[in-house]
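Visitor: What shape does this take:
(2 chains)
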Amino acid sequence: MTTTTPKKGPNIRAIVIITVAIAINLVIAKLMATWSLNWFPPQASSAAPYVDNLFALETGIGSFIFFGCTGFIGWVLLFNRAGKYDESDGAPIEGNTKLEITWTIIPLVTVFLIATYSMNVNMKLQTLGPKHKYAVGTDPTVLMEADPIADVGPIDVIARQWSWEFVYPDGVRSSELHLPIDQRVNFRMISEDVLHSFFVPAFRLKQDIIPGSIISYSLTPTKEGRFRLRDAMFSGAYFSQNQTDVIVETKQAYAEWLKTTAGQPLQEGLDPSRTLYDRRIARGDKGWATVPPSPAPMVNDPGDPSIPHDA
Amino acid sequence: MQSKTYDLRILKAPHPVPGAPDNWKRFFSFNTDAKVIGIQYIATAMLFLLVGGLLAMIVRGELITPPADLVDPSVYNGLYTMHGTVMLFLFLFPILNGFNNLLIPTMIGAPDMAFPKLNAAAFWLVPVFSIVLMGSFFAPGGPASSGWWSYPPMSLQNPLGHFINGEFLWILAVALSGISSIMGAINFVTTIIRMRAPGMGFFRMPVFVWTAWAAQTIQLIGLPALTGGAVMLLFDLSFGTSFFRPEGGGDPVLFQHFFWFYSHPAVYVLVLPVFGIFSELFPVYARKPLFGYRFVAIASFGITFLSLIVWAHHMFYTGTPNWMRHIFMFTTMLIAIPTGVKVFAWLGTLWAGNLRLNTPMLFCIGGLINFIFAGITGVMLATVPIDIHVGNTYFVVAHFHYVIFNTIVFGVFAGIYHWFPKFTGKMYYEGLGKVHFVLTFIGATLNWLPLHWAGLLGMPRRVASYDPEFAIWNVIASIGAFMLGVASIPFILNIVSSWARGPKAPPNPWRAIGLEWLLPSPPPAENFEDDIPTVISEPYGYGLNKPLVEDQDYYIRRSMEA
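Guide: Purely as a prediction, here's the structure:
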């Protein structure tokens, strides 16, 4: 029984139900897209608004699909349940080529649109801050020219098991990263042991740091504050300790900090894994094997981990 | 369709092994009956689901508070590494191979696998590499602790300097697992291509067989890359080579290519058979033919093809050039098309059906809802700018578990309940099954939904401690994880007690259509033996009143009388 009696006119009730359902779903999807902007840390780099807006767009489309499908499943569960002793079969509909082609083409077009839009956003992020990978031993002048339009830098970002060290162009060293607001900063990222990843959630940016390569990377911070820098690539026993702060401050404050810090003697920098490792040794080196932490970096400004961070 | 020439010699598999016991002891023997091997795989896998789950609960116990206060961070790293490895290599791959063993021969009307001894050997490698892997807990320095992907150069750090160490045993176990899987894949693909019942053209095969075929094709193409990468890693670790060691001129990123070339498609190796399970079960419990059967079948190979060209989306922030990012973003997103075809086909199957909400159907619907959610976050992760922010955060962990647990394991449970009467000959208890579903659905949602927000806020994965702003999400997640632990109790009770003393199952308790349901419960050693039915129609003829095979009444009567 695959034939159905032809309908005399459009099924008004079905059209009304579907229209109302789509309208409600569109409202929910729009609300979800708006709410999704609150799910992120504050926007602190020129990249952040692009990423957040793209995410909101995908949340909107995704919510429409999710609530559409689950709403459909809910409808079926409510109205297409078999009774307790009902042994009958459902309508033997085997397929509908037009419908199948439609629901192949609509997602295809949606995916094409999202992909094209994302490519554009990605190209914008690229112009916000380029990224180049060099082998160790590359001519330093080439590295200097990696980002000729950077206002600040290159600042060396040195990642180790498990500490961060930042070396500024005039030789100042610090454990926390200080950056001037609205200035394009270029970094040279170096790892001395294993893979690490430079991740500042408030910037929405992340870059793996690969031993054996030097990575030139640029970004522009846009909000003053103290933001968390987290190692995002698993790097061993005290990986979770490998965090420090990025302080974005005014141009004047940054210059002032550089000047003051240059006058300070080198001292042991932030080394959060050391405390845990020392505690382990004091307990008799119990637990499964681990490499000992690298010696604390010698810096002019060790920073102050007790200050609360904004994001 | 009966014009197909059929070589009966293929069906004469050497089987069962002479002298194999015909009682419960056969499950502990080198038996070549695919059904015995299937149950051996599934039982072993369920045991390791408990082991992996226990490791996960310690991990979630650690993460219930921000500081690392339950176990030492080095122990924590070993625990989550082993959790991932156990779940993938000792639970997921074996359990799906169990389903393949039970279902492929019975669904296509073959007496056994094409190579029964190879089949048994592939299974017996599982206990071997599980001993190797679990043995690493006793290795000097503890088990591998560099994450389930074992990226060098960290995985090459060997602080104690011993030749036999956790990482060494881990690589050995992974390589053995790869060998076992390749042995299985050759067998499954050969069986499907060569041993179908007369009249069963490709477009009369059940979708589970299509998906198993598509998945095992990925194994054949992808696994050699991982195994090759693992061997190179072992050489770097133990014999001083520098394939991946930067100080010797090696490239650590090269390993990531080897690893992901297989390990991304591996997710499809796992999820495709579950798509097959959904496609089998929705028609039975909605009492409708599978909507768009041919589209669904072909989409399986669409997924296979695309899955092999997406691997670099795991490496968007390693220094990949933009052209590469864009290509891989695009191919990754395209997977939404064949998977979307399947989802819409299942929805079409449910529409205007006559739904029965027993335990297998509940797990299918729960799994489908979760999979739609996972698909949406999957497209987000494929998008380069979003992936750069959420990559390597808990957002990925949440998405991954929505695929692996909330979809795949839900499908596995659905399959276990659905085919339990067929292969054990006993009925399970519906009430306990429903309790299991409710606890599992709530536990899984509590466990992984909140972690999406932790990831968006920037909580990296694999941390033993975290900043207090992530605490609320982790507390909820840990409660969910413990609830999942509790959920296993009604399941174990149900399976053990029904198998031991449950009511006897009829040959076709669900009134399902399929060759396996024309066999007695449990099926005899060689299924239909020489009396193989001739298939005369497409699968899923619910409501169509068309017999599936010639002389269907004869086969039904025979199964009842057995």
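
Visitor: give the contact list for the single nearest residue of the stretch 101-250 of chain A relative to chain B.
Guide: Closest approach between the stretch 101-250 of chain A and chain B, counting by Cβ to the nearest Cβ: A:P201, at 2.6 Å. C-beta coordinates here come from the backbone N, C-alpha and C atoms, glycine included. Residues counted as contacts of A:P201 (Cβ atoms under 8 Å, 6 or more residues apart in numbering or on different chains) are A:F40, A:P41, A:F227, A:R228, A:R230, A:A311, B:H389, B:L457, B:G458.

Visitor: make it 7 Å
Guide: A:P41, A:R228, A:A311, B:L457, B:G458 (Cβ atoms under 7 Å, 6 or more residues apart in numbering or on different chains).

Visitor: give me the low-pLDDT residue ranges for the stretch 201-311 of chain A?
Guide: The model of the stretch 201-311 of chain A has no residue with pLDDT under 70.

Visitor: How about the residues of it by chain B?
Guide: A:201, A:204-208, A:210-213, A:215, A:228, A:230, A:232-240, A:276, A:280, A:286-291 (Cβ under 7 Å from any Cβ of the partner chain).

Visitor: Which members of those occur in helices, if any?
Guide: If you go by DSSP state H, those have A:L276, A:R280 in helices.

Visitor: Report the buried members of the residues of the stretch 201-311 of chain A next to chain B.
Guide: A:201, A:204-208, A:210-213, A:215, A:228, A:230, A:232-240, A:276, A:280, A:287-291 (16 or more other Cβ atoms under 10 Å in any protein chain shown).

Visitor: Among the residues you listed, which are located in strands?
Guide: Under the assignment DSSP state E, those contribute A:L205, A:K206, A:Q207, A:D208, A:S213, A:I215, A:R228, A:R230 to strands.

Visitor: Export the residues you listed as a markdown table, with columns for distance to B:G367.
Guide: Shown next, in a markdown table, are these (distance: Cβ to Cβ, whole Å):
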| residue | distance to B:G367 |
| --- | --- |
| A:L205 | 35 |
| A:K206 | 32 |
| A:Q207 | 36 |
| A:D208 | 34 |
| A:S213 | 42 |
| A:I215 | 41 |
| A:R228 | 36 |
| A:R230 | 33 |
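
Visitor: if we can go back for a sec, considering the contacts of A:P201, which possesses the most neighbours?
Guide: Counting neighbours by other Cβ atoms under 10 Å in any protein chain shown, the top entry in the contacts of A:P201 is B:G458, with 28 neighbours.

Visitor: Name the nearest residue to the residue of the stretch 451-562 of chain B found nearest chain A, sequence neighbours excluded.
Guide: Using Cβ to the nearest Cβ, B:G458 is the residue of the stretch 451-562 of chain B that sits closest to chain A, at 2.6 Å. The shortest distance from B:G458 to any non-neighbouring residue, by Cβ to Cβ, 6 or more residues apart in numbering or on different chains, is to A:P201 (2.6 Å).

Visitor: if I pick residue 257, what's in contact with it?
Guide: Assuming you mean chain A. Contacts of A:W257 (Cβ under 7 Å, 6+ apart): A:H178.

Visitor: my bad, chain B
Guide: B:W311 are the contacts of B:H257 under Cβ under 7 Å, 6+ apart.

Visitor: what kind of secondary structure is it in?
Guide: helix (DSSP: H, G, I helix; E, B strand; the rest coil).

Visitor: Tell me how far it lies from B:H399.
Guide: Distance from B:H257 to B:H399, counting by Cβ to Cβ, to the nearest Å: 22 Å.

Visitor: roughly how far apart are B:F93 and chain A?
Guide: 23 Å (Cβ to the nearest Cβ, to the nearest Å).

Visitor: coming back round to it: with secondary structure added, can I get the contacts of A:P201 in CSV?
Guide: As requested, these are exported to CSV (three-state DSSP):
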residue, secondary structure
A:P41, coil
A:R228, strand
A:A311, coil
B:L457, helix
B:G458, coil
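
Visitor: Please identify which pair of the residues you listed lies farthest apart.
Guide: Within these, A:R228 and B:L457 form the most distant pair, 10.0 Å apart (Cβ to Cβ).

Visitor: Now do the helices in chain A.
Guide: According to DSSP H, the helices that chain A contains are A:12-36, A:48-79, A:97-128, A:140-144, A:251-262, A:272-282.

Visitor: is any part of the third one close to chain B?
Guide: Yes: contact of helix A:97-128 with chain B (Cβ under 7 Å from any Cβ) involves A:100, A:103-104, A:107-108, A:111, A:114-115, A:118-119, A:121-122, A:125-126.

Visitor: Counting neighbours, which of the residues you listed comes out on top?
Guide: Going by other Cβ under 10 Å, A:S118 tops these with 27 neighbours.

Visitor: ok, that one to B:V379 distance?
Guide: Applying Cβ to Cβ to A:S118 and B:V379 gives a distance of 10 Å.

Visitor: give the contact list for B:I42.
Guide: B:I95, B:G98.

Visitor: Enumerate the positions of the host helix or strand of it that are buried.
Guide: Counting by DSSP states H and E, the element that carries B:I42 is helix B:34-62. Counting neighbours by 16+ other Cβ under 10 Å, one finds that the buried residues in helix B:34-62 are B:34-42, B:44-46, B:48-49, B:51-53, B:55-60, B:62.
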